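Need coordinates for the below:
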Amino acid sequence: MFRFRALACAPLRNLLFPAYALIGICSTVTAQSAKPVEIQIKADQVSTHVSPALYGLMTEEINHAYDGGLYAELIQNRNFKQDLKQPLHWQLVEGHGGVGSMTLDPSVPFNSSTPVSLKLTIQSSVPGQRVGIANDGFWGIPVTPTTSYHASFYAKASPGFSGPIKLSIESNDTSKVASSAEVSHLSQSWQKYDLTLTTAQTAESASNHFVLSANHSGIIWFGMISLMPPTYNDRPNGNRPDIMHLLADLKPGFLRFPGGNYLEGNTIATRFDWKQTLGDISQRPGHADDAWNYWSSDGMGLLEFLEWCEDLHMQPLLAVYAGYSLKGEKAAAGPDLAPYVKDALDEIEYVTGDVSTPWGSQRVKDGHAAPFSLEYVEIGNEDNFDREPGGYDRRFAQFFEAIKAKYPQLKLIATAPAATRQADVIDEHYYRSSADEMAFHANDYDSRRRSSQKVFVGEWATRVGSPTPNMDAALADAAWLVGIERNSDLVVMSSYAPLFVNVNDGAMQWRTNLIGYDALSSYGSPTYYVQKMFSAHHGDIVLPLTASNIPTSEWQPPAVGQRVPMVQSVPQMFFDATRDSGTGLVYLKVVNRGGTPQSVHVVVTGVSSIDSRGQAITLVADDPSATNSIAEPTKILPGVSAVDGVGADFTKPFPPYSVTVLEIQAH
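Residues are numbered from 1 along each chain as shown. Now for the predicted structure:
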């Protein structure tokens, strides 16, 4: 016999979902009945409209999301700045008796952004010998058949040494060269060299390294070294195609960038300084991503974020630094904050300005003539961590006044409550430690008081499964998304976080991420497929829906302090319905978190007729702990099937551990 806690009823908005809204909010909840769940959909009425940008992406440099992830660069520590005392990820190569040495040389800086170079001293010149440097990449250099790689490097030679320099992609045991090319002559002043390395028919492998070597005595200083595989849309400084295709399939409405803790940094000096991320990659200094304890090359700079949006036809949601960093260093509102407000105005101008503006002109110089459209600007990130009473409120007000004065059309997002200025949108973050906890809160927005301030659920996730969520988490995530979609009048945007994880040992800082990858391949988690199903299958109108006889389970929340909480009831099924006002297609979403099949009796009113055959898109697993991985990337995938017997009154069973989108053609 289940035990249930009696919950005081929360005030509900108009009862468009009266029976369903009571589940998990009010006191009386019954255990699972043998009777089917009853659903009524009023297909001729409008509850609200689905926000066109509801499903989007949140991104930051965590888990090697960019370097070693989406950003296609294969060389790690390409400008030797990860550690100015030693050339991390570079090894000395001495082959067939060759003798040499390798060291960082601050006496020969590469440029003003890179105060060192890598000095290679070759002591031997016997034919057949070689000395060089090798880079191990990001957990390997991926080799795929018949693939062309663009290699580039800056170098200068000592007097008396002119080359040649050989570039090669080699197996780690040096037994196989996948591709090689040669620069015949080096200059005695800094010069850039560009080459193409093309592999033949060969097996895929990540157990490779990249080598630059010579067989003549002398000294060579190296500056920026880069190796780029093919990229999405063939952008010269672009992204991995496989990961971009996964993202494109999500049909995202927006991209929130650059983060996240990555935006703030632990200190002001290590924030995302967008002006340092522009232009030629050889001139970008990079910076310590000290929020997540590794180096960021800044190859993924402001323009690359914007081009990412352009490639996937999503709107940019620009987060600007708001004068507060994670370890408490901040600029107080007033004169101290003014430079950062000016920096935000410059950044918006870079995004939206035409060639007649200083920063719009800089964007044109950087290679993108047309301005980007921009609707939303977020002021900071999780500024509730600013413990100074009223600290964020005052900082937000200063940004608000300056941005609204110059760009009144922009909608401003607050990351913490701000009392003195009314933000257009408030960013709320929800990470739940169990699937039951997420499911328990899935209906929270049903009872939220409506006001003029909209909600952006900028980060959310059920943190069950590692490095990516399992099916148990995906079912709870689906329940959460049902609640968000049903409340699209209030929640205008949502994005899961974190988005990416490199699954290799040592690459991950945060467990439970949407998309996993290694050097060669990538995969979507079960929650990835939930979001794909929801994003691709919804109408523009939310329909009134009532549900009754919903099965429940019990859940005991973790104790807070010394208080032992009472057992809570959690719905095992979740629903919402939307309709495409143009086609009449109704999308009924059904989440069954339970371990048994559940029959649902559906009654659709307000339409003249319904086609007897519908279509079901179903994500299902035999075991809620099942998941996808590099080894089994397609273990859990949505399936599509025809459904007969659909009508204005029909009953359909839904399998255990399943998420279903049932498409019903109404007329």
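
And the residue nearest the centre of the chain?
The centroid of the chain falls nearest to Leu499 when counting by CA atoms, centre = their mean (2.9 Å).

Look up how far Ile617 lies from that residue.
The gap separating Leu499 from Ile617 is 23 Å, by CB to CB, to the nearest Å. All C-beta spots, glycine's among them, are computed from the backbone N, C-alpha and C.

per-residue pLDDT, the residue nearest to the centre of the chain?
Leu499 is assigned a predicted lDDT (pLDDT) of 98.

Can you point out the buried residues in stretch 529-537?
Going by neighbour count (16 or more other CB atoms under 10 Å), the buried part of stretch 529-537 is 529-535, 537.

Columns pLDDT and secondary structure on top of those residues, output as CSV?
Formatted as CSV, the buried residues of stretch 529-537 follow (pLDDT from 0 to 100; DSSP: H, G, I helix; E, B strand; the rest coil):
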residue, pLDDT, secondary structure
Tyr529, 98, helix
Val530, 98, helix
Gln531, 98, helix
Lys532, 98, helix
Met533, 98, helix
Phe534, 98, helix
Ser535, 98, helix
His537, 98, coil
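
quick one on the thing from earlier: now do the same contact list for the residue nearest to the centre of the chain.
Leu499 is in contact with 57-59, 65, 513-515, counting by CB atoms under 8 Å, 6 or more residues apart in numbering.

which one of the residues you listed sits closest to Ile550?
Leu514 (28.2 Å; CB to CB).

per-residue confidence for the closest one?
As predicted, Leu514 sits at a pLDDT of 98.

and Ala344, that one's in a strand?
No: Ala344: not assigned to a strand; according to DSSP: H, G, I helix; E, B strand; the rest coil it is helix.

Kindly indicate which of the contacts of Leu499 lies nearest Gln315.
Of these, the one sitting nearest to Gln315 (CB to CB) turns out to be Leu57, at 10.9 Å.

which residues does the closest one bridge with?
Taking DSSP bridges as the rule, Leu57 bridges to Leu255.

Am I right that it is in contact with Met493?
No: look at Leu57 against Met493 with CB atoms under 8 Å: they stay out of range, at 10.3 Å.

Confirm Ala402 sits in a helix?
Yes: under three-state DSSP, Ala402 falls within a helix.

show me the contacts for the residue lying closest to it once chain neighbours are set aside.
Among residues not flanking Ala402 along the chain, Val341 sits closest, at 4.9 Å (CB to CB, 6 or more residues apart in numbering). Listed by CB under 8 Å, 6+ apart, the contact partners of Val341 are 398-399, 402.

next one: Val603
Contacts for Val603 (CB under 8 Å, 6+ apart) come out as 38-41, 648-649.

Among the residues you listed, which ones are in strands?
For these, the ones inside strands are 38-41, 649, with DSSP state E as the criterion.

what's the closest non-adjacent residue to the residue lying farthest from the centre of the chain?
For the chain, the C-alpha farthest from the mean C-alpha position belongs to Val126; by CA atoms, centre = their mean, that distance is 51.2 Å. Distances taken as CB to CB, 6+ apart put Gly97 closest to Val126, at 6.7 Å, once the chain neighbours are dropped.

Using the three-state scheme, assign that neighbour.
coil.

can I assume it is in contact with Arg130?
No: Gly97 is beyond contact range of Arg130, at 9.3 Å (criterion: CB under 8 Å).

and the residue farthest from the centre of the chain, backbone torsions?
Main-chain dihedrals, Val126, degrees, to the nearest 10: phi -70, psi 130.

okay, it: pLDDT?
At Val126, the pLDDT value in this model is 79.

Quick one: the strands in the stretch 1-150 of the chain, in order.
Assigned strands in the stretch 1-150 of the chain, in chain order: 37-42, 48-49, 57-58, 90-95, 100-105, 117-122, 130-135, 148-157 (criterion: DSSP state E, counting those that start in this stretch).

Can you give the strand pairings for the first one, parallel or anti for each?
Using DSSP bridges, the neighbouring strands of strand 37-42 in the sheet come out as strand 545-548 (antiparallel), strand 598-605 (parallel).

after the longest one, next one along is what?
Think strand 598-605. Next along the chain after strand 598-605, taking DSSP states H and E as the criterion, comes strand 614-620.

Likewise for the first one?
Elements were assigned by DSSP H and E; along the chain past strand 545-548, the next helix or strand is strand 552-555.

Which elements pack onto that next one?
Under the contact criterion of 3 or more CB pairs under 8 Å, 6 or more residues apart in numbering; DSSP states H and E, strand 552-555 touches helix 435-440, strand 568-571.

Quick check: which of these is nearest to Trp480?
Per CB to CB, nearest to Trp480 of the helices and strands packed on strand 552-555: helix 435-440, 5.5 Å.

Check the offset of that closest one from the chain's centre.
23 Å (CA atoms, centre = their mean, to the nearest Å).

Just the C-alpha atoms of it, please, in PDB.
Output of helix 435-440 as PDB, limited to C-alpha atoms (Å, rounded to 0.1, in the frame of the first residue of the first chain):
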ATOM      1  CA  ALA A 435      14.600  11.000 -11.700                       C
ATOM      2  CA  ASP A 436      11.900  11.100  -9.100                       C
ATOM      3  CA  GLU A 437      12.900  14.600  -8.000                       C
ATOM      4  CA  MET A 438      12.700  15.900 -11.600                       C
ATOM      5  CA  ALA A 439       9.300  14.200 -12.100                       C
ATOM      6  CA  PHE A 440       8.000  15.500  -8.800                       C
END
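
Run through who's touching that helix.
24, 430, 432, 462, 464, 472-473, 475-477, 479-480, 553, 555, 557, 568, 570-572, 574, 593, 624.

taking those one by one, which sit in helices?
472-473, 475-477, 479-480 (DSSP state H).

possible to save the strands paired with strand 37-42 as CSV with mean pLDDT?
As requested, these are exported to CSV (pLDDT from 0 to 100):
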stretch, mean pLDDT
strand 545-548, 97
strand 598-605, 98
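
Need the winner for burial among the ones you listed.
Counting by mean count of other CB atoms under 10 Å, strand 545-548 has the highest mean neighbour count of these, with a mean of 21.

do you know which of the helices and strands packed on strand 552-555 lies nearest Leu167?
Of all those, it is helix 435-440 that lies closest to Leu167, at 49.8 Å by CB to CB.

Report the rounded mean pLDDT for that closest one.
Here the average pLDDT along helix 435-440 is 98.

quick one: contacts for Arg593?
435, 439, 475-476, 479, 553, 572-574, 657.

What sits closest to Tyr321 if chain neighbours are left out?
Of all residues not flanking Tyr321 in the chain, Arg271 sits nearest, at 5.1 Å (CB to CB, 6+ apart).

What of Leu227?
Nearest non-adjacent residue to Leu227, counting by CB to CB, 6+ apart: Leu74, 4.4 Å away.

So that neighbour sits against Phe138, correct?
Yes: contact criterion CB under 8 Å: Leu74 and Phe138 qualify, at 7.0 Å.

the strands in the stretch 251-400 of the chain, which residues?
254-257, 287-289, 294-296, 315-320, 376-379.

Could you name the helices and strands sitting against the second one?
In this structure, strand 287-289 packs against strand 294-296, with contacts taken as 3+ CB pairs under 8 Å, 6+ apart.

Who are the packing partners of the strand it packs on?
Here strand 294-296 touches strand 287-289, going by 3+ CB pairs under 8 Å, 6+ apart.
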